[in-house]
Structure formats: structure tokens, C-alpha cells
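Novice: sequence-free structure coming up:
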């Protein structure tokens, strides 16, 4: 989540020039896919009997309610309450807090897959692989972009990856040399990563859509980073002490940090640039990050003190 905030700081301060920021490109090469993969990793539980309906309802309360509440607050702060803007909360979640919306529907697809697997006695891995391929094909062929479908189809793959790495021991990597090799490969791919274009060293292939090549390149870069993160985290993370302990605590309120910092980001940047107009871009970014992070943590702590604000605003149930 710290990297998410840094990425949004660079994006808000620099605008379109964010694409020229090497740090922004490196962060975006893996951070949201990794976030989804970690969510999938946490979704695996050794439970034989699942209450699928209750699981779905629980996810709706954790994700959709905060999504709706914060999106309405976002519109009210901007003084925009037209019917078109309200409809965009459903039609174009990428204009709002899309991560919550997308994560809910990915979870819903996952719960449906598990129900289907149990009731029809089909190995869930076959269902998940079929869904991954089907969603990606629909996205590439149709380029359908309403209801956040482009994000749901893309990030479902990484959620599934995280789930499978946790569940299947054969997907787990213990060899440290292999982990080192993964880091090196990721660094090479991430160094020339761009959001909307291929690196110059990757040639176009006749009769193959360039959009498909972009998704393959972006997906492969994120896949390698995720494989390293999920397989090596236990080697250097200790949630009981030091900085790692702090990160573990922040991880428990990542939803709140996500929505709060996004809500405040533009206001903070406007304030910093108006009060300190002579600051360099880099110093503006540093100061903006410190303020955004500090305020977000403080607001989340306040919301956690009341069960209703914790439930409605942070999905704590």
C-alpha cells in the first residue's frame, strides 16, 4: 500500500508526465497485480465445508458498501451529483475506487467457481483456468470496458495465481538461486516497462494484435514479480517486530489507506503547490507523500474507533 500511495503521488503531481517517471513505471509494473495476488493467497483456507452464500454476502459488506460510501463522498466533495455521475459509480468504477469494486467481483467469481466445483465434482483448477482464459479472450477481442470488466478480467488471473501458490506446494519455490534469477528477470523487464506501449526491443508480430502483446508483456512482468514476492516473503518478513511489524499492522487497514489517500490526494497536491510554489517536482512529491500517508493513517485510526464507521468505511465486520 505504501507503493500504491507513492505511485498516486507521482501520478497526481506530474499528470501525463508520470509516464516519464522511471520510479512510477517500475512500481506500476507489479504493485496492483501483487496486491490482487496477495488477496488470492489470503483467500485460501483449509475448510472442507464453505457457506458460499454467507461468503458472498460477507465480501459484499466488506467491499461494495465502502465502495459506494466513499464514491458518493468523492462526488459530494467535487460538488457533482448529477444522474450521469451517479450512474458512473456502476458503469465506470475506474473513475472511483475501482480496486474495491473489482476485488468484490473477482471474489464473487471465485466463490461461484468453488461452488460449481463442489456440486459438479470438477477439480476447481480446471474451472479457474477456463475462467482466466475466457475472461482474457473476451477482454482482448471485445475491449469491453464498462462495469470495470477490463480490470476484473485482467486481475482475476493474478488473484488465481496467489491462491494457487498458497494451495499447491508444487507451485512454491524454495531454491534461493531460482528466486534470485526471478528478481533479475523482473528487473530487466521492469526497467523498460511502459503502461501503454511495448519496449523497443520487442518486435511486433504480424496478424497478432499489439494490445495482446502488451498484455502478455505486462502480465509476464507482474507474474515474475509475484512469484518472487509470494515465495520469498517468509525469508525476510517477521510480523512481530520492527518495521515488518508496522507493515503488518498497516496491511490490516490497507482498504482504509487506499480510499482515504485517494480522496485527499488532489487536495493535498493543490495545497502543497500553492504554499510552496518554488519546490522542485521531486520535493513536492516527497512532501505530498508524507502528508498523504500521515493523514490517511490518522483518519483510519479515527474510523477504527467506532464500530459503525469501521464497518461502513473500512469494511470491518
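Specialist: The structure has been received and is ready for your questions. Note that the structure is a prediction, hence the values are computed from the model and not measured. Numbering: from 1, shown residues only.

Novice: domain assignment for this protein?
Specialist: 1-20+237-317, 44-172, 175-220 (automatic domain parsing).

Novice: what about the second one, how long is it end to end?
Specialist: What it means is domain 44-172. Using CA to CA, to the nearest Å, one end of domain 44-172 lies 14 Å from the other.

Novice: read off the pLDDT value for the closest residue to residue 96 other than its chain neighbours.
Specialist: Sequence neighbours aside, residue 71 is the residue nearest to residue 96 in space, at 4.2 Å (criterion: CB to CB, 6 or more residues apart in numbering). (C-beta placed from N, C-alpha, C; glycine too.) Residue 71 is assigned 91 on the pLDDT scale.

Novice: elements contacting the strand or helix carrying residue 71?
Specialist: If you go by DSSP states H and E, residue 71 is part of helix 65-77. Here helix 65-77 touches helix 83-91, helix 98-120, helix 254-275, helix 307-314, going by 3 or more CB pairs under 8 Å, 6 or more residues apart in numbering; DSSP states H and E.

Novice: any idea how far residue 127 lies from residue 300?
Specialist: Distance, residue 127 to residue 300, using CB to CB, to the nearest Å: 36 Å.

Novice: can I get the domains of the chain in CSV with distance to residue 229 and mean neighbour count?
Specialist: Shown next, in CSV, are the domains of the chain (distance: least, CB to CB, whole Å; neighbours: other CB atoms under 10 Å):
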stretch, distance to residue 229, mean neighbour count
domain 1-20+237-317, 10, 16
domain 44-172, 9, 16
domain 175-220, 9, 14
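
Novice: with distance to residue 32 added, can I get those domains in JSON lines?
Specialist: Putting the domains of the chain into JSON lines (distance: least, CB to CB, whole Å) gives the following:
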{"stretch": "domain 1-20+237-317", "distance to residue 32": "8"}
{"stretch": "domain 44-172", "distance to residue 32": "7"}
{"stretch": "domain 175-220", "distance to residue 32": "11"}
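
Novice: which stretch among the ones you listed comes nearest residue 30?
Specialist: domain 175-220 (7.1 Å; CB to CB).

Novice: that closest one: how far from the chain's middle?
Specialist: The chain centre lies 19 Å from the centre of domain 175-220; the measure is CA atoms, centre = their mean, to the nearest Å.

Novice: which helix of this structure spans the most residues?
Specialist: helix 210-236 (DSSP state H).

Novice: low-confidence ranges in the stretch 1-150 of the chain?
Specialist: In the predicted model, the stretch 1-150 of the chain carries pLDDT under 70 at residues 46-50.

Novice: surely residue 232 meets residue 179?
Specialist: Yes. Here residue 232 reaches residue 179: they are 5.1 Å apart, a contact under CB atoms under 8 Å.

Novice: show me where pLDDT drops low in the stretch 151-300 of the chain?
Specialist: In the stretch 151-300 of the chain (pLDDT under 70), the answer is 235-251.

Novice: let's see it at 80
Specialist: Within the stretch 151-300 of the chain, the stretches with pLDDT under 80 are 196-212, 215, 233-253.

Novice: please determine how far the most far-flung residue of the chain relative to its centre is located from residue 292.
Specialist: For the chain, the residue at maximal distance from the C-alpha centroid (CA atoms, centre = their mean) is residue 278, at 33.7 Å. With distances taken as CB to CB, residue 278 is found 21 Å from residue 292.

Novice: what do you get for residue 206?
Specialist: The value you get for residue 206 to residue 292, if CB to CB is used, is 46 Å.

Novice: what does residue 3 give?
Specialist: Distance from residue 3 to residue 292, by CB to CB: 13 Å.

Novice: same check, this time on residue 143
Specialist: Counting by CB to CB, the gap from residue 143 to residue 292 is 33 Å.

Novice: what helices or strands is the helix or strand harbouring residue 135 leaning on?
Specialist: Using DSSP H and E, residue 135 falls within helix 124-142. Applying 3+ CB pairs under 8 Å, 6+ apart, one finds that helix 124-142 contacts helix 98-120, helix 149-167, helix 210-236.

Novice: elements contacting the last one?
Specialist: Think helix 210-236. helix 31-43, helix 124-142, helix 149-167, helix 176-191.

Novice: what residues are up against the residue nearest in space to the middle of the chain?
Specialist: Nearest to the mean C-alpha position of the chain, by CA atoms, centre = their mean, lies residue 32 at 3.3 Å. By CB atoms under 8 Å, 6 or more residues apart in numbering, the contact set of residue 32 is 4, 99, 155.
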